[in-house]
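J.: What follows is a predicted structure for the sequence shown.
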Amino acid sequence: MSMPTAAATGAGHPDVDDEVIRCEQLTKRYPGEILAVDRLELSVHRGEIFGLLGPNGAGKTTTVGMLTTLVVPTSGRATVACIDVMAHPALAKQVIGVVPQTNTLDRALSVWENLYYHGRFFGMNAKASRAAADHLLVQFRLTGRAKASVMELSGGMAKRLMVARALMHHPPVLFLDEPTAGLDPQSRIALWDILRQLHTQGQTIFLTTHYMEEADSLCDRLAIMDHGRVLVIDTPKALKESVSADSIVTVSANGDLETLTQVLQKNIDGITGSQRVDNSIQLHV
Ligand SMILES: Nc1ncnc2c1ncn2[C@@H]1O[C@H](COP(=O)(O)OP(=O)(O)O)[C@@H](O)[C@H]1O
Ligand SMILES: [Mg+2]
């Protein structure tokens with residue numbers, strides 16, 4: 001995992017490896033001693049869909065915030081497309097597309113204008129921005145809504161438009177924070193299809209989710225995060241095999257947990273393993 005020193009400064013360098021995101025001991029402590037992200041180490045490769053899976057409060061949004069320059073890390077370091085996000089935030093913004101969890105479309109603008117002005121803001125000339133906006137509306141099946149106000153869009157359409165907007169300036173990395181939270185099942189599947197399509201086109205994608213099935217069905221690799229710490233990073237397949245279980249059932253009880261584990265294992269079919277965690281038993285079934 002060697003990295004040329006030029007990368008640290010954000011200066012251009014030959015493509016010697018395909019690492020697109022790198023975090024080293026990345027940490028965020030909010031006022032009040034809240035350790036939201038604790039010495040995060042991870043590496044995302046070009047073309048991957050990488051997922052950060054964890055419950056509410058795990059530190060997912062804070063992580064995305066630091067990687068996209070919205071949150072200033074307390075310590076540690078992060079690079080995106082070889083640009084140090086703390087040292088060169090303006091440069092870093094050029095190489096990322098961001099889809100936040102909440103609707104951040106400009107309500108004063110039409111659907112098409114939301115794309116066009118984003119392109120202009122990122123330095124595209126009028127002709128290039130117009131062409132990109134037209135193209136993305138087709139790709140994201142929003143052409144019929146080009147002139148509509150964004151207030152008229154359904155939740156699923158608004159999210160698709162936000163993804164399209166994030167891609168306007170052709171960023172090497174696309175970040176999505178909980179992209180399908182709050183969407184109905186159909187819109188969720190439509191968005192998954194779009195992300196898979198982008199993946200086949202080679203787009204590097206970093207997403208967060210608290211849905212296990214979403215991480216499983218979309219991601220090449222994922223990191224499981226809780227209380228600010230990454231617990232494990234692997235492919236969904238390897239993670240499932242490592243517990244050799246389809247489900248994990250947690251049993252909490254007072255008393256002799258050792259004996260209880262033996263009794264449960266003896267009397268319930270389909271238990272492939274068990275593990276003591278604090279005052280509970282985790283049964284793999
Ligand atoms: N701006 C903030 N100020 C203080 N604490 C925050 C702030 N944002 C998040 N936190 C806290 O940091 C922790 C991680 O939050 P967050 O990154 O939003 O997690 P997730 O996105 O996984 O739900 C939580 O304990 C949350 O309450
Ligand atoms: Mg969040």
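T.: Arrived safely, thanks for sending. Numbers count the residues shown, from 1 in each chain. Ligands and ions are numbered 1, 2, ... in the order given.
J.: helix or strand right after the host helix or strand of Glu113?
T.: Element membership of Glu113, judged by DSSP states H and E, is helix 111-121. Downstream of helix 111-121, the next assigned helix or strand under DSSP H and E is helix 126-139.
J.: correct me, but Ile21 touches Leu42?
T.: Yes. With contacts counted by CB atoms under 8 Å, Ile21 reaches Leu42, the gap being 7.3 Å. C-beta here means a position set from N, CA and C on the backbone, and glycine is covered the same way.
J.: okay, the two: which has more neighbours?
T.: Ile21 (24 against 20; other CB atoms under 10 Å).
J.: Now for the residue nearest to Pro100 when sequence neighbours are not counted: which residues touch it?
T.: Spatial nearest neighbour of Pro100, chain neighbours left out: Asp177 (5.6 Å); criterion: CB to CB, 6 or more residues apart in numbering. The contact partners of Asp177, by CB atoms under 8 Å, 6 or more residues apart in numbering, come to Lys60, Thr61, Val64, Val99, Pro100, Gln101, Leu207, Thr208.
J.: tell me the contacts of the last one?
T.: With contact taken as CB under 8 Å, 6+ apart, Thr208 is in contact with Gly51, Leu52, Leu53, Gly54, Lys60, Thr61, Thr63, Val64, Leu176, Asp177, Glu178.
J.: So it: helix, strand or coil?
T.: Following DSSP: H, G, I helix; E, B strand; the rest coil, we place Thr208 in the strand state.
J.: which residues of the chain fall in strands?
T.: Here the chain has its strands, by DSSP state E, at 19-30, 34-45, 49-53, 75-80, 83-84, 96-99, 173-177, 204-209, 221-226, 229-234, 248-252, 273-277, 280-284.
J.: and the contacts of Asp177, which two are the farthest apart?
T.: Lys60 and Val99 (13.5 Å; CB to CB).
J.: and the closest residue in space to Asp38 that isn't next to it in sequence, what are its phi and psi?
T.: Spatial nearest neighbour of Asp38, excluding adjacent residues (CB to CB, 6+ apart): Gly228 at 4.0 Å. Torsion angles at Gly228 (phi, psi; degrees, to the nearest 10) stand at phi 80, psi 0.
J.: residues in contact with Gly228?
T.: Lys28, Leu35, Ala36, Val37, Asp38, Leu40, Ala58, Gly59, Thr62.
J.: hmm, 7 Å instead?
T.: By CB atoms under 7 Å, 6 or more residues apart in numbering, Gly228 lies in contact with Leu35, Ala36, Val37, Asp38, Gly59.
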